[in-house]
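Student: build me a model:
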Amino acid sequence: MMHGRRRVVAVVALVGSTVAAGAIVAAGIAGPDVDFTNVAAANPKSAGNDPPNILSPELQEIEWARGSMLLENAKDGVKAYGYDDDGKPFVPVLGPATGAGGNLTLLGGTRPEAQKTEPDKNTYLVLKGQAGADPSYNYGTHFLFQGHEAGSPGYITRINLDADGAHRVTLIAAKDVNGTNLRTFDGSTWDPWAERLLFTSEAGPSGTPPVSQGGVWQSTLDGRAVDMRRYLGRGGMEGIQNDDEGNLYYFEDVGGASPFASPDNRARVPNSFVYRFIPSNRSDLTKGGEIQALQVLWNGNPITVVDAASGPNPDAYKALHTYGNSLKTKWVTLVANSASLGSDADLNALAKQAPAAGQPDKRATPFKRPENGLFQPGSHFTELFFDETGDTNAQTTAGPTGGFGSIFRLTQSPKSDDGMIRLFYLGDVTHSSFDNNAFFSDTQVAFVEDGGDTLHGSPPQGHNALDSAWLFDTTVGYSKGAQPVRFIAQGRDPSATIDSAIGGVYSTLFPAPPPNPEGFFNDGDNEITGIHVSDGDPTKNGILGAKSPKPFRGNERWRAFYTQQHGDNVTYELISSGD
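Tutor: From the prediction side, this is the model:
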């Protein structure tokens, strides 16, 4: 029993006092395990305003780490949990007044503050015998691992949940086993067969011809990191998840072309795929395996990149995004044996490759940024829920086909290539831009938003609302008007508020030509990321989806975390307000 953790941090209770009791019933969710009151509205975004997070009154937050917390083992250009060691202050410093108007200046010129590294997806593990920089210190048994999405180098950190402040955050790795700087990372998970942490990078294409720089990396718990693109392929990857056969599912977050050529075509072209990796040896992913991509069939034919490019709402995508439709799916093989390739493969290009004459069409189906997915507990890994983030723009004309985001239910067997896909939820401007997800019980799944500054902002491109976290019930049919429960209305911390102000006047402060960079480098909002519910079991029985989650029941084995990314980059634990 871990009672000591409450002695080392302050508990902050943020209660939405304006919420009407019983709103959860009106929303159509009354799950047996988690019962949150609906938070009535999202926080609005306004210049100079830093509203607090509003949680369902059944919840409160514990802060475990924030960006300015110094690492116990600073090295390799990294000194703090959420900042690069680039010689700049964590918060901008004002210089003396200059000019006729006596305006204050920002010291540091085009780099007035340090690059924020944005800790991302959380992976919770209960482990024994973990060491750190201090050989005489007992680091405990409860740990939270993250990759970092921005800055240079990319790196992996471990929050030591049993430790004091001086030992709270440990740098696990900033370089791979060859001494090469790590990429920035988005997704993470623990593979119990390989006994490796897996991290994904959504790095975009570069070079001539341009080739995706993203993919999967693996790391031992003590930081021996290996680039796995040679074995799992290249692509702008985010979510990653095992099934009980040891297969890996990873989700590509690559935005397509954005025509916005006319008022009737304001939508990005679907350009991302869902992949499955069947390893030759579950205990050693460097042995390679079969790489597949998800193909959806409509009227007996695959929905392909050709359909995706034929306007904002082609008929095939309307069918895919219509409640009640069940479309057949097939996992098509892109690479039969990655160990025999001799080099890494650009999976996005392979998934679009047209068949030779007389050959079956093995092109996969592109989605609108399918960032994350998880298996429903109790389904024996036959029900995979994954999302599309969509266009993150209130002006999208692709609302009927996922422009505001959507959630799918894929029914399949881990041992089969065939399945069925159904729309679970079609987003709108209020419920949009779905990103990370987590099951809070067998039938209750959370999806959190990543709208970004554009959608958060003013009309017409925005809807003047910061991000929210939503709880869905998998037994509810959302086609009939039911809506999920908002259990977090994300606020905006002072650091992100300052960044938003700087970003708004950046071109005026630092006009072109150089040294003005392409744009301000830190985000001016707070994203809800890394929503994660786990008991920390590092065995195959602890894979997400293998057990019934039981958080907030006074049982400390099951814990819930999320990171308020950007700004101060705070990682929280959610606990019951009665704890």
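
Student: let me see the ranges of the helices in the chain.
Tutor: Listed in chain order, the helices of the chain (DSSP state H) span residues 23-26, 229-232, 305-308, 315-320, 347-351, 452-456, 494-509.

Student: looking at those, which is nearest to Ser577?
Tutor: Counting by C-beta to C-beta, Ser577 lies closest to helix 23-26 out of the helices of the chain; the figure is 14.9 Å. Bear in mind the C-beta positions are built from the backbone N, C-alpha and C, glycine included.

Student: what's the local residue count around Asn348?
Tutor: 26 (other C-beta atoms under 10 Å).

Student: just checking, it touches Gly256?
Tutor: No: shown here, Asn348 and Gly256 do not form a contact pair, counting by C-beta atoms under 8 Å, at 10.5 Å.

Student: what touches both of those two?
Tutor: With contacts defined as C-beta atoms under 8 Å, 6 or more residues apart in numbering, the residues shared by Asn348 and Gly256 are Asn271, Ser272.

Student: would CSV of the helices of the chain with distance to Gln241 and mean pLDDT be doable?
Tutor: As requested, these are exported to CSV (distance: least, C-beta to C-beta, whole Å; pLDDT from 0 to 100):
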stretch, distance to Gln241, mean pLDDT
helix 23-26, 28, 32
helix 229-232, 13, 95
helix 305-308, 24, 90
helix 315-320, 22, 97
helix 347-351, 17, 95
helix 452-456, 24, 92
helix 494-509, 29, 90
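
Student: out of these, nearest to Ser379?
Tutor: With distances scored as C-beta to C-beta, the stretch of the helices of the chain nearest to Ser379 is helix 315-320 (21.4 Å).

Student: tell me which strands and helices that closest one is in contact with?
Tutor: On a contact count with 3 or more C-beta pairs under 8 Å, 6 or more residues apart in numbering; DSSP states H and E, helix 315-320 meets strand 289-298, helix 305-308.

Student: now these in JSON lines, with mean neighbour count and distance to Gly48?
Tutor: Below are those laid out as JSON lines (neighbours: other C-beta atoms under 10 Å; distance: least, C-beta to C-beta, whole Å):
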{"stretch": "strand 289-298", "mean neighbour count": "23", "distance to Gly48": "45"}
{"stretch": "helix 305-308", "mean neighbour count": "20", "distance to Gly48": "41"}
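
Student: name the nearest residue to Gln213, sequence neighbours excluded.
Tutor: Of all residues not flanking Gln213 in the chain, Ala203 sits nearest, at 3.9 Å (C-beta to C-beta, 6 or more residues apart in numbering).

Student: what is the burial count for the one you found?
Tutor: Tallying neighbours of Ala203 according to other C-beta under 10 Å, which is how burial is gauged here, yields 19.

Student: before we move on, what about the one 5 residues further on?
Tutor: Other residues lying near Thr208 total 5 when counted by other C-beta under 10 Å.

Student: likewise Gln483?
Tutor: Gln483 has 18 neighbours, counted by other C-beta under 10 Å.

Student: if I look at it, how far off is Thr37?
Tutor: Look at Gln483 and Thr37: by C-beta to C-beta, to the nearest Å, they are 14 Å apart.

Student: Asp253 now?
Tutor: Going from Asp253 to Thr37 by C-beta to C-beta gives 32 Å.

Student: of these two, who's got more company?
Tutor: Asp253 (26 against 23).

Student: for that one, which residues are in contact?
Tutor: For Asp253, the contacting residues are Asp186, Glu202, Gly236, Met237, Glu238, Ser272, Arg369, Pro370, Glu371, Thr389, by C-beta under 8 Å, 6+ apart.

Student: may I ask which two of those are separated the most?
Tutor: Using C-beta to C-beta, the contacts of Asp253 span at most 13.9 Å, a distance reached by Met237 and Thr389.

Student: of these two, who's got more company?
Tutor: Each of Met237 and Thr389 has its neighbours counted (other C-beta under 10 Å); Met237 has more, 31 against 28.

Student: partners of the more buried one in the sheet?
Tutor: Beta-bridge partners recorded for Met237 (DSSP bridges): Glu252.

Student: make sure it is actually in contact with Phe185.
Tutor: No: taking contacts as C-beta under 8 Å, Met237 lies outside contact range of Phe185: 9.6 Å.

Student: what is in contact with those two at once?
Tutor: By C-beta under 8 Å, 6+ apart, the residues touching both Met237 and Phe185 are Thr200, Ser201.

Student: quick one: low-confidence parts of this protein?
Tutor: 1-32, 97-104, 259-263, 514-518, 554-556 (pLDDT under 70).

Student: again, only using 50
Tutor: Applying pLDDT under 50 to the chain flags residues 1-31.

Student: tell me who's in contact with the residue positioned nearest the centre of it.
Tutor: The structure's the chain has its C-alpha centroid closest to Asn436; by C-alpha atoms, centre = their mean the separation is 4.4 Å. Listed by C-beta under 8 Å, 6+ apart, the contact set of Asn436 reads 121, 239, 371-372, 447-448, 450, 528-532, 562.

Student: what about the closest residue to Phe552 other than its chain neighbours, distance to Asp33?
Tutor: Beyond its immediate neighbours in the sequence, the residue positioned closest to Phe552 (C-beta to C-beta, 6+ apart) is Ser576, lying 4.4 Å away. Ser576 sits at a distance of 12 Å from Asp33 (criterion: C-beta to C-beta).

Student: neighbour count winner among these two?
Tutor: In this comparison of Ser576 against Asp33, neighbours counted by other C-beta under 10 Å, the higher total goes to Asp33 at 16 against 13.
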